[in-house]
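Visitor: dropping a prediction and its sequence here:
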Amino acid sequence: MSLEGQERRRYELDDRGFDEVPAKYRKYYRRLDGPGDKLAPNELLCPVCKVVIRSTRELREGDRVYCMACLTRLRVVAGAAGLEGVVEYT
Amino acid sequence: MSDPAQDLHALPPREFLEHVHSFEFWLGSVQGYLAGRPYGHHDGLAEPAWTDPERDRLVTILCHYCVGETMALEGAGGLIRAAPNRPTKVFLATQTVDEGRHLEVLVHRLAELGVADPEREIERRTSAELIRFRDRLLAFVGSGDWDAALFAQNVVLESAEFAVFHRHARSADPITREVLLGIIKDERRHLGFGENELGRRIAKNPALHGRLRAVRAELDPLVLGSFERTLALLGTPAAERSELGRDYLAAVERLGFA
C-alpha cells in the first residue's frame, strides 16, 4: 500500500538513557533491547553499530537519518522485515 | 551549527560530518559514560573469588587486549600526519586519546588482578598472529599509507575488538564488564569513522578497491586466528565463534569486499 500523500505521524522524543552522544542529541537514540525488541515506525537500526536511531516523524523509504554513535549517514529502504538502513558514503 | 533540537536528521551532510569529527563532539560524548568511573569502572564493585586457572585465563585475555590497544594507540597517533584533511586529523587525535585510555584501564585491571609486571606478562602471553598483525599495521602507518593503515586499524582491528569485547562483556565479572562496556562505546566511533572514510574514498577512486582487497587477504588469517584464540579462551562454543565474526564480515561486505 502506498503511503504517498498520507500525512506522517509525529513523535515527541524522550531521553532513553543513551549516553554515547552529547546530552542534547540523546533523545535521537536508544539501545536495542534484545532480539525481541520491536522498532517503532519512527525508528531504524544502524547496521554499522546496532544502535536504534529515532526520528521526530514516521520514517519512510528514501528518508535520510544520521547515526551519531558511529558517524554514519543512512538511507531508509524497504527490506524483507520492514524498513532498513543502507550506509551512504557521502 | 543549526539547532539540533529542531531535527537532527535534517542537518546538511557536511555540517553533520564536520561536527561528529570534532573535539567538541567527542568531549560531550565521553562525558556521559566516563564521568565517575575512575579507571573505567565504579568504585565498590566486588572482585569475584577467582580460582587460579580462572584468574590466569582472564590475565591472558587482557594481555591480548593490551597488545591490540597499544597498536591502535601507536597507529591512530602515527596516522595523524597522513590524514588527508583537518576533520580526519582532529578525529584521529580524539581516537588517540581513547586508545591511550583503553590501554591504561586494561593495564590497571591487570594490576587489580595481582599482575606485578604487566609489560612482562603482555610480552610473554601474546599470540604470534597478533604480533604479525601489529607489525603489518605499523608498517602501513610508518609508510604513510593512509588507505591500507585505516583499513587494517579502523575496519579490521576495530571490528574484531568490537565483536570480542561484546561477547566477553556478556560473561565477564562486574569490574571487567564495566571496563569493556566503556571501551565498546568508543569503538563505535572508531569503526564507523574507518568504514565511512574508506567508503567515501573508494567511491571517488574505485581502483582503491583492488588494493584493499589484497590487504584484506593478507590480514584476514592473522586477525581471524587471533580472534579465534581469544574466543576459545572465553569458552565461546565453536558455532558461536563464526557468528561473532559476522559484524566484521558485514562491514567488509558493505565496502564491497565480500
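Guide: Right, received. Where do you want to start? Numbers count the residues shown, from 1 in each chain, chains lettered A, B, ... in the order given.
Visitor: could you export stretch B:126-141 as CSV, CA atoms only?
Guide: Extracted in CSV, the C-alpha atoms of stretch B:126-141 (Å, rounded to 0.1, in the frame of the first residue of the first chain):
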residue,chain,number,x,y,z
THR,B,126,50.7,-12.6,23.3
SER,B,127,50.0,-14.8,20.3
ALA,B,128,52.3,-14.8,17.2
GLU,B,129,49.4,-13.9,14.9
LEU,B,130,48.7,-10.7,16.8
ILE,B,131,52.3,-9.7,16.7
ARG,B,132,52.4,-10.3,12.9
PHE,B,133,49.2,-8.2,12.5
ARG,B,134,50.7,-5.4,14.6
ASP,B,135,53.9,-5.4,12.5
ARG,B,136,51.9,-5.1,9.3
LEU,B,137,49.7,-2.4,10.6
LEU,B,138,52.5,-0.3,11.9
ALA,B,139,54.4,-0.8,8.6
PHE,B,140,51.4,0.7,6.8
VAL,B,141,51.3,3.6,9.3
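Visitor: would you mind listing the buried residues in that stretch?
Guide: For stretch B:126-141, burial by neighbour count (16 or more other C-beta atoms under 10 Å in any protein chain shown) applies to B:126-127, B:129-130, B:132-134, B:136-138, B:140-141. For glycine as for every other residue, the C-beta is placed from the backbone atoms N, C-alpha and C.
Visitor: per-residue pLDDT, A:K27?
Guide: What the model reports for A:K27 is a pLDDT of 97.
Visitor: the residue in the stretch 1-150 of chain B positioned nearest to chain A: what's it in contact with?
Guide: Here the residue of the stretch 1-150 of chain B nearest chain A is B:G28; by C-beta to the nearest C-beta that distance is 2.8 Å. B:G28 is in contact with A:21-23, counting by C-beta atoms under 8 Å, 6 or more residues apart in numbering or on different chains.
Visitor: quick one: secondary structure of it?
Guide: helix (DSSP: H, G, I helix; E, B strand; the rest coil).
Visitor: any idea how far it is from B:A35?
Guide: Look at B:G28 and B:A35: by C-beta to C-beta, to the nearest Å, they are 12 Å apart.
Visitor: did I read that right, B:P87 in a helix?
Guide: Yes - assessed with three-state DSSP, B:P87 lies in a helix.
Visitor: list the contacts of the closest residue to it other than its chain neighbours.
Guide: Once flanking residues are discounted, B:P87 sits nearest to B:H21: 3.8 Å by C-beta to C-beta, 6 or more residues apart in numbering or on different chains. Counting by C-beta under 8 Å, 6+ apart, B:H21 makes contact with A:71, B:87-88, B:90-91, B:193.
Visitor: now with 6 Å, please.
Guide: Taking C-beta atoms under 6 Å, 6 or more residues apart in numbering or on different chains as the criterion, B:H21 is in contact with B:87, B:90-91.
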